[in-house]
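1. Structure of the sequence below:
(2 chains)
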Amino acid sequence: MVQEADLSAFRSKLGSEVEKALHDKKVIRKEDTTYRIISKSVTEYQFIVPFDLPDEQRVEVGQIFSIKDHDEARGRRLTFLARVLDIQHGSNYEGNWDTTMKGTQFFDHEQIFNRVFAGPLGCVNCDGSFRKSRTIPTKFSTVSRAERSEFKFLKQVMGDIEIGYLRNGSRLVEEIPVALHSDTIDHHMGVFATTGMGKSNFMKVFAASCMRLAVRGESKFGLLIVDPHGEYLNGKGSIKGLMHLKRYRDGLACYSTDRKNSQDPGVEELAISESEVRPEDIALLYEWSPPQRDALDAISRIFDGGNWLEEIQSPDGLARMMQEGFKDSTVNVLVRRIKNILEKNKYIQRRSSLANILASLQSGKVVLVDIPRMSDRSELFLLSVISRYIMEEYKKDEHEGRKNCLITIEEAQRVLGAGSNTSRFETIAREGRKFGVGLCAITQQPKLIDKQLLSQFNTLVVMGLGDRNDRIQLEESAKQDLSTLDIEIQTLEKGEAIVSTLKIPFPVPARIHRFEDYLRRLEKEDADDALISRGGFRPFLE
Amino acid sequence: MWDFGRLSIVAELIRDHIYLESIDEYCEKTGVRKKDFVPIEAQDFGGEIFAVDGSNAAVCNWSVANLNLIRAGFAVYRGREWQRTTITYDDVFLADPRICEDLFDPCLKAFFGLKGIDLKESDLDRLSTYFRELQEYIALNEAIIEARSGDIILYDGGFDVFEPLRSVLAVIFKRAEDKDVDLLAVSKSSTLFWGEGLTLPFLQHTSYAGSLFVPGVPWYLDLKDKRVEHGQGRWNGETYIARFAGSSERAFRVDAPSYVRDRIGSALGKLVAHSCSSECLGYPHALFRAHEDVRISGQECDLLRLRLMEMLGDMGMSEPHVRMLMQDFHDVLDMRQQI
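-> Presented below is the predicted three-dimensional model:
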């Protein structure tokens, strides 16, 4: 039983508590609730920003923010970096108050905001070293746009082949050039973009950086580019070509099937010897019936390897094939198609450029094979002959000083697609790395490339893909997680790219240099100047 | 089995009495005429608007102990800019008749110079409601202290209050008048009824009548001399019905002390200019914000209940013990987790 005395004491205590509470007034004033981490996990950070920011302060997908979790007294000194993945409208008010147009304007600006979803990139220690983040920033840690100085660590992880600048949303971070690593190139590379997004510009910038390294004796691989559009050599109109990079011209070896182009003293007329063409090169050009394929397979057994093209077209050749049990109609189809190939590919001659091409590649130069106006099939045929030759040569013992090689394939879905009959390129994709040969696959339809092959690509340059299936294919095959960047990839503009490569700890947003600007800068740079360490060039400031 | 026949009779009653086919009967019985709807002109206002609100949530409704969380405070706006929100009270309230004096008396004395509260037997069930109202009046008092001459002070509720606290309101009215502020109570829900027999909702029907008589504009209606029970004479002031935005469908009951009567049009005009927010069109925005800031969430009550259980545990009471002593068996039957 509660005694009266106890109750009295309780009432007295309660009375004083009430009096205390009466004077315990709390005033809530305007405070900065935006730009602070509010949630939510190791894989996703959220913060809010004002909903009505001026244009120059708007938050954009792809922008990188830094979260300073600094409290010296408690021993917290980490700076987290996160990339904006999505932005949504939000408010502190519940219900569907904002789904109809009401009133004349918002009154409570601080209650209405945009919620920003950001993907963590990693965190930077006080000593400036970067690592992947396995924790979350302290709640309400302040968030701000990452300063240029906060990207400095990226310089340490960038490679030697400069391709553009770091991009923070739509803004450039000119101090931080984005550069690929030469020594990861034989792990294969993919360049993916829809038409007009800047694939050719990227390849020219890439090639220019390779030429520069070659001249400076710093090249670690030779780059083979077969150009069926005739745009890399001299460009078109106001668009420059690789020949315009005079300063590093010695890093380029050019071959052309075009008479006019090959009159240039720096360009050699392309020639492939008949003896260097193999039946399997012919095989990939047509659809063959089973008997025809048998006949093709038998050629190397029946004829002398070096002269089979001539022999099979002779009456004696026909007789020898028939002796092997092939019908004359089957052999005639073979012969007719071979004659067509020889007719269309005038560069098949007695002499050959392949040895020189190989030598240039092995010395680390850029080799440009210019084949303007050549048909799709002829291009594939030529690429097959050259790449087979290179692969065979690289399989031989490595001699001292030999550089690796990167073979570029335009419209790579033709030869790396699921079910394509071009096993040569698949072989390079699967085995090339062992022998120092890599593929640079350029395509606008990565969804058509065999998923297993795509997973062999360790460097991806993604330049805007509207097709969801293309993006899914890349996301499922990439070594780094691209799935969270889906919205950013959709919204990439011309010349912008996401670069995912080994040795750079996260997919890097970049703006690829405009080739003409890059060219101008390279022509002006000092001989001993290192672009990367100096922080790239500044074409837009000139 | 439900008796749908009886349900049908209810539906018929609603149709005949609550749904107005024409407003003739409404006008005849209430004395409201078209000319009584006075359009309100929005007025520029550079002063501050204070909006007072309170909240009362049950932390636990145990058979032997009723604990509530009570919060009161006010939001302040200058124009369309929120300035601050002041929480004047934010604490638990144990609703026990034996100790209620200890809770009410200090407040009445400290803030209003009044002595004690005279609660009748029937009032004891409403202890937490009274205490919340008292805290709202303390918030009103604080707002009056902070306000400057010409400011507006809004109260979420009505001034036709229960008998025990009328003396408190009288003090507030006096202080507001002395400070020369416009004190208005805006009520979301109203107990105004008209008609004989079945009670008919006066506020809703007046709103409908206003839409017909003065469509698309804000208006107000003075209830003086109208045949509707609104507590005339019980408190020193007037009651109005007002629509604050022409495009809104809702009207509100507005109570004002008698000293505001001469300038009620001007005071409502200032409110109309600040009842056009996208967040809550047609309602004085300061009151909307006060409601948001003062509201007690279910989560807060859950947290307090858990904390209380922890404290009881620390004091040696096990959960089954607490349940045995305090839980209402209705909660057991309804499978409600109250402890």
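
2. quick one: contacts for the residue of the stretch 251-400 of chain A found nearest chain B?
-> Residue of the stretch 251-400 of chain A nearest chain B, by CB to the nearest CB: A:Asp376 (58.7 Å). In this view, the C-beta of every residue, glycine as well, is placed from N, C-alpha and C. Residues in contact with A:Asp376 (CB atoms under 8 Å, 6 or more residues apart in numbering or on different chains) are A:228, A:414.

3. Write down the beta-bridge partners of residue 221, one by one.
-> Looking at chain A here, since you left the chain open. A:Asn404 (DSSP bridges).

4. actually chain B
-> Applying DSSP bridges, one finds that B:Leu221 bridges with B:Ile241.

5. That one and A:Thr34, how far apart?
-> With distances taken as CB to CB, to the nearest Å, B:Leu221 is found 43 Å from A:Thr34.

6. neighbour count winner among these two?
-> B:Leu221 (24 against 17; other CB atoms under 10 Å in any protein chain shown).

7. could I get the lengthiest helix in chain B in CSV with only the CA atoms?
-> Secondary structure of chain B per DSSP state H: the longest helix is helix B:127-146. The C-alpha coordinates for helix B:127-146 follow below in CSV (Å, rounded to 0.1, in the frame of the first residue of the first chain):
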residue,chain,number,x,y,z
LEU,B,127,-7.3,15.1,-17.5
SER,B,128,-4.7,14.7,-20.3
THR,B,129,-6.9,16.8,-22.6
TYR,B,130,-7.1,19.6,-20.1
PHE,B,131,-3.5,19.4,-19.5
ARG,B,132,-2.7,19.6,-23.2
GLU,B,133,-5.0,22.6,-23.5
LEU,B,134,-3.4,24.3,-20.6
GLN,B,135,0.0,23.7,-22.2
GLU,B,136,-1.4,25.2,-25.4
TYR,B,137,-2.5,28.3,-23.5
ILE,B,138,1.0,28.6,-22.0
ALA,B,139,2.3,28.5,-25.6
LEU,B,140,-0.2,31.1,-26.5
ASN,B,141,1.0,33.2,-23.6
GLU,B,142,4.6,32.8,-24.8
ALA,B,143,3.7,33.8,-28.3
ILE,B,144,1.9,36.9,-27.0
ILE,B,145,5.1,37.8,-25.0
GLU,B,146,7.3,37.4,-28.1
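
8. same question for stretch B:316-331, mean pLDDT?
-> Mean per-residue pLDDT for stretch B:316-331: 76.

9. Likewise for stretch A:410-419?
-> Across stretch A:410-419, the average pLDDT comes to 78.

10. Ok, stretch A:97-117 next?
-> 84.

11. near chain A, which residues of chain B show up?
-> Chain B has residues B:73, B:77, B:80-91, B:94, B:98-99, B:102-103, B:105-107, B:110-111, B:138, B:142, B:245, B:276-281, B:285, B:289, B:292-293 near chain A, with proximity defined as CB under 8 Å from any CB of the partner chain.

12. so where does the residue in the stretch 401-542 of chain A positioned nearest to chain B fall, helix or strand?
-> Residue nearest to chain B within the stretch 401-542 of chain A: A:Ile487 (27.6 Å; CB to the nearest CB). For A:Ile487, the element it lies in under DSSP states H and E is helix A:486-490.

13. What is that helix packed up against?
-> strand A:76-91, helix A:468-477 (3 or more CB pairs under 8 Å, 6 or more residues apart in numbering or on different chains; DSSP states H and E).

14. May I see those organised as a markdown table, with distance to B:Ser266 added?
-> Output for these, formatted as a markdown table (distance: least, CB to CB, whole Å):
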| stretch | distance to B:Ser266 |
| --- | --- |
| strand A:76-91 | 33 |
| helix A:468-477 | 61 |
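
15. Save those as TSV, and put in distance to chain B and mean pLDDT too.
-> Formatted as TSV, the helices and strands packed on helix A:486-490 follow (distance: least, CB to the nearest CB, whole Å; pLDDT from 0 to 100):
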stretch	distance to chain B	mean pLDDT
strand A:76-91	8	92
helix A:468-477	35	89
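
16. mind putting these in TSV, mean neighbour count included?
-> Output for these, formatted as TSV (neighbours: other CB atoms under 10 Å in any protein chain shown):
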stretch	mean neighbour count
strand A:76-91	18
helix A:468-477	18
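
17. who wins for proximity to B:Leu134 among those?
-> strand A:76-91 (32.9 Å; CB to CB).

18. And the next helix or strand past that closest one?
-> strand A:112-124.

19. now that next one against strand A:76-91, angle please.
-> 160 degrees (axes from the mean of the first three to the mean of the last three CA atoms, to 10 degrees).

20. For the closest residue to A:Trp308 other than its chain neighbours, grab phi and psi.
-> In space, and not counting its chain neighbours, A:Trp308 is closest to A:Ile299: 5.7 Å by CB to CB, 6 or more residues apart in numbering or on different chains. Taking degrees, to the nearest 10, you get phi -60, psi -50 for the backbone angles of A:Ile299.

21. Was I right to think A:Ile299 contacts A:Val277?
-> No. The criterion here is CB atoms under 8 Å, and A:Ile299 misses it with A:Val277 at 10.9 Å.

22. Domain map for the chain?
-> Just going to use chain A. What automatic domain parsing lists as the domains of chain A is A:37-97+A:104-146, A:161-270+A:353-534, A:276-344.

23. hm, I was asking about chain B
-> Under automatic domain parsing, the residue ranges defining each domain of chain B are B:38-294, B:298-333.

24. quick one: the last one to chain centroid distance?
-> Here domain B:298-333 is found 31 Å from its chain centre; the criterion is CA atoms, centre = their mean, to the nearest Å.

25. first to last residue in stretch A:263-277, what's the distance?
-> 26 Å (CA to CA, to the nearest Å).

26. how about the strands in chain B?
-> B:38-39, B:48-61, B:66-78, B:81-94, B:152-156, B:182-187, B:193-194, B:200-201, B:219-222, B:237-243, B:252-257 (DSSP state E).

27. The last one to strand B:152-156, inter-axis angle?
-> Right, the one you point to is strand B:252-257. Using the same axes, to 10 degrees: strand B:252-257 against strand B:152-156 is 120 degrees.

28. so who does A:Ile272 touch?
-> By CB under 8 Å, 6+ apart, the neighbours of A:Ile272 are A:345, A:347-349, A:352-354, A:382, A:385-386.

29. ok, and the most crowded of those residues?
-> A:Ile386 (25 neighbours).

30. And that residue, how far from A:Tyr347?
-> From A:Ile386 to A:Tyr347 the distance is 11 Å (CB to CB).

31. how long is stretch A:124-134 end to end?
-> The first and final residues of stretch A:124-134 sit 12 Å from each other (CA to CA).

32. Report the buried members of the residues of chain B next to chain A.
-> B:73, B:77, B:80, B:82-83, B:85-90, B:99, B:102-103, B:105-107, B:111, B:138, B:142, B:245, B:276-281, B:285, B:289, B:292-293 (16 or more other CB atoms under 10 Å in any protein chain shown).

33. For the stretch 1-150 of chain B, give me the ranges with low pLDDT.
-> B:1, B:63-64, B:121-122, B:124 (pLDDT under 70).

34. For the stretch 401-542 of chain A, just list every one of the strands.
-> Per DSSP state E, counting those that start in this stretch, the stretch 401-542 of chain A carries strands over the ranges A:404-409, A:437-443, A:459-462, A:496-500, A:508-512.

35. And those: which comes nearest A:Tyr286?
-> Between the strands of the stretch 401-542 of chain A, strand A:404-409 lies closest to A:Tyr286; by CB to CB that is 19.5 Å.

36. How about residues contacting that closest one?
-> Under CB under 8 Å, 6+ apart, the answer for strand A:404-409 is A:185-186, A:189, A:203, A:220-226, A:361-362, A:383, A:386-387, A:390, A:394, A:415-416, A:425, A:428, A:436-442.

37. So for the chain, the centremost residue is which one?
-> No chain was given, so I picked chain A. Chain A has A:Val461 as the residue nearest its centroid, 0.9 Å off, counting by CA atoms, centre = their mean.

38. Report how many residues lie close to the nearest residue to that one once chain neighbours are set aside.
-> Excluding the flanking residues, the one nearest A:Val461 by CB to CB, 6+ apart is A:Val191, at 4.7 Å. Applying other CB under 10 Å, we find 27 residues neighbouring A:Val191.
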